[in-house]
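K.L.:
Fold the following, please.
(2 chains)
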Amino acid sequence: MLPDSVLEHLRNVIEAPDLDGTKYEVIEELGRGGNLQSPSSRGG
Amino acid sequence: MAFPDTRQSALLRLRNGDESVRRQSWEAIIAAYWSPVQAYLRKRWNESEEDAADLTQAFFLSALEKGTLVSYDPARAAFRTYLRTCLDRFAINFRKRDRRRPTAAPIDFDLPGPAESPDAVFEREWIRGLFSLAVEDLRNLHDDIRFRVFLAYDLNESEVRPTYAELAMRFGITTETITNYLAAMRRQFRKTLLTRLRELTATEREFRSEARAILGVDV
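P.N.:
Reported below is the predicted structural model:
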């Protein structure tokens, strides 16, 4: 069974915006506070 | 293990005339619900870990013998609500028969306070079970470097995850490839998760409702 930390992380990342077909891409997760995360992104 | 993108509902397959189909359905349901049932028995009915494990086994055995879960009516409630109701009824009757156990009402966790309610425990464990099954499905579908990257980052249990640059060095690929692999695996994981969820719900309405509760978005 997945531990709480991994479960929370997975729920966050699969809820992240899907940027397919846009000029943006997620580079890396920068930080996390509570249930929020701040993905780093850049325009192509 | 390969499986079709749209599995049939295991809840509906419980009524299938083929015994092997019914057995597979049972296995899918038990794999998803064993842990939440056991955790709920511990929390709401104050059972020890050992007794909760025994009771969980007894509950599913009883449900199999009596056809309890086959009687589920999707029009009346979500399956996990129905199953929890059956579980409470089973626990009450079990206590009436077992003189070692008190016959008092279950612990009331509706009082205000920091303690997590039994219902919340059940939901959390149900979600944990569903995600765990989806991870195993994904592992079986993608036994390659993409899954190993997913394992090293998204399934990493340490407090601090490696950076994409560290992963790129470890796997001998670029950070852009790490980004692409993770994005692909997350899309595939979401798809796998929804496939599992579809198997464990009976109707399209229930599936969408549960997906909204778990993912927080409409599907």
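K.L.:
In chain A, which residue sits nearest chain B?
P.N.:
Nearest residue of chain A to chain B: residue A:14, at 4.5 Å (CB to the nearest CB). C-beta coordinates here come from the backbone N, C-alpha and C atoms, glycine included.
K.L.:
so the closest residue to chain A within chain B is in which element?
P.N.:
Shortest chain B-to-chain A distance, computed as CB to the nearest CB: residue-wise this is residue B:190, at 4.5 Å. Using DSSP states H and E, residue B:190 maps to helix B:175-199.
K.L.:
Who are the packing partners of that helix?
P.N.:
helix A:4-15, strand A:24-33, helix B:118-141, helix B:145-153, helix B:164-171, helix B:204-215 (3 or more CB pairs under 8 Å, 6 or more residues apart in numbering or on different chains; DSSP states H and E).
K.L.:
ok and that helix relative to helix B:204-215, angle-wise?
P.N.:
140 degrees (axes from the mean of the first three to the mean of the last three CA atoms, to 10 degrees).
K.L.:
Looks like the residue of chain A closest to chain B contacts residue B:215 (just checking).
P.N.:
Yes: between residue A:14 and residue B:215 there is a contact under CB atoms under 8 Å: 6.7 Å.
K.L.:
higher neighbour count, these two?
P.N.:
residue A:14 (22 against 16; other CB atoms under 10 Å in any protein chain shown).
K.L.:
any idea how far residue B:167 is from the nearest residue to that one once chain neighbours are set aside?
P.N.:
Counting by CB to CB, 6 or more residues apart in numbering or on different chains, residue A:14 lies nearest to residue B:190, which is 4.5 Å off, once chain neighbours are set aside. In this view, residue B:190 and residue B:167 are 21 Å apart by CB to CB, to the nearest Å.
K.L.:
Enumerate the residues of chain B near chain A.
P.N.:
When proximity is defined by CB under 8 Å from any CB of the partner chain, chain B lies next to chain A at B:35, B:127-129, B:131-132, B:135, B:154-157, B:159, B:161, B:163-164, B:175, B:179, B:183, B:186-187, B:189-190, B:193, B:214-217.
K.L.:
Narrow the residues you listed to just the buried residues.
P.N.:
B:35, B:127-129, B:131-132, B:135, B:154-156, B:161, B:164, B:175, B:179, B:183, B:186, B:189-190, B:193, B:214-215 (16 or more other CB atoms under 10 Å in any protein chain shown).
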